[in-house]
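> Mind folding the following:
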Amino acid sequence: MLPDGSAYVQDNPEIVGERYNQKAWVPEHTGGNGNGPGNIRLFRYAEVLLIAAEALNENGNTAQALTYLNMVRARARGGKAVLPDVTPDR
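Numbers count the residues shown, from 1 in each chain. Model (predicted):
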């Protein structure tokens, strides 16, 4: 369903790999800014955290970058004893 409720995004079985990065084509609709057909991209929360971690690390803020990286690892391990937190010395 589009955010404005005007239409549903339809699946197209002829497109190979259509759900990579959750990119989906939608027909022209009134809910956008009126610029016609477009693509909707959805980012996983983990992807946003990893992008932020990479940017922080590249700008010398390694401590904050590790916080975001370890948030992703904590979600991935789901309470199990795998994927320990990354520390500055590892």
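
> just for the protein, where's the confidence low?
Residues of the chain that meet the criterion pLDDT under 70 lie in 1-4, 9, 11-12, 15-41, 90.

> Remind me what the top helix by length along it packs against, helices and strands.
Counting residues, the longest helix found in the chain (DSSP state H) is helix 62-77. Judged by 3 or more Cβ pairs under 8 Å, 6 or more residues apart in numbering; DSSP states H and E, the packing partners of helix 62-77 are helix 45-58. From N, CA and C alone the C-beta is placed, and that goes for glycine too.

> which helices and strands sit right next to the helix it packs on?
Packed next to helix 45-58, using 3+ Cβ pairs under 8 Å, 6+ apart, are helix 62-77.

> Any buried residues in the helix it packs on, and which?
65-66, 68-73 (16 or more other Cβ atoms under 10 Å).

> and the longest helix of the chain with helix 45-58, angle?
Here helix 62-77 runs at an angle of 160 degrees relative to helix 45-58 (axes from the mean of the first three to the mean of the last three Cα atoms, to 10 degrees).

> Give me the domain ranges for this structure.
1-42, 45-77 (automatic domain parsing).

> what are the C-alpha coordinates of the longest helix of the chain, in PDB please?
C-alpha atoms of helix 62-77 as PDB (Å, rounded to 0.1, in the frame of the first residue of the first chain):
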ATOM      1  CA  THR A  62      35.700   4.900  16.300                       C
ATOM      2  CA  ALA A  63      34.000   4.700  19.700                       C
ATOM      3  CA  GLN A  64      30.600   5.800  18.400                       C
ATOM      4  CA  ALA A  65      31.100   3.600  15.300                       C
ATOM      5  CA  LEU A  66      31.600   0.500  17.500                       C
ATOM      6  CA  THR A  67      28.400   1.400  19.400                       C
ATOM      7  CA  TYR A  68      26.400   1.100  16.100                       C
ATOM      8  CA  LEU A  69      28.200  -1.900  14.900                       C
ATOM      9  CA  ASN A  70      27.600  -3.700  18.200                       C
ATOM     10  CA  MET A  71      23.900  -2.800  18.100                       C
ATOM     11  CA  VAL A  72      23.700  -4.700  14.800                       C
ATOM     12  CA  ARG A  73      25.600  -7.600  16.200                       C
ATOM     13  CA  ALA A  74      23.400  -7.700  19.300                       C
ATOM     14  CA  ARG A  75      20.300  -7.900  17.200                       C
ATOM     15  CA  ALA A  76      21.800 -10.600  15.000                       C
ATOM     16  CA  ARG A  77      22.800 -12.800  17.900                       C
END
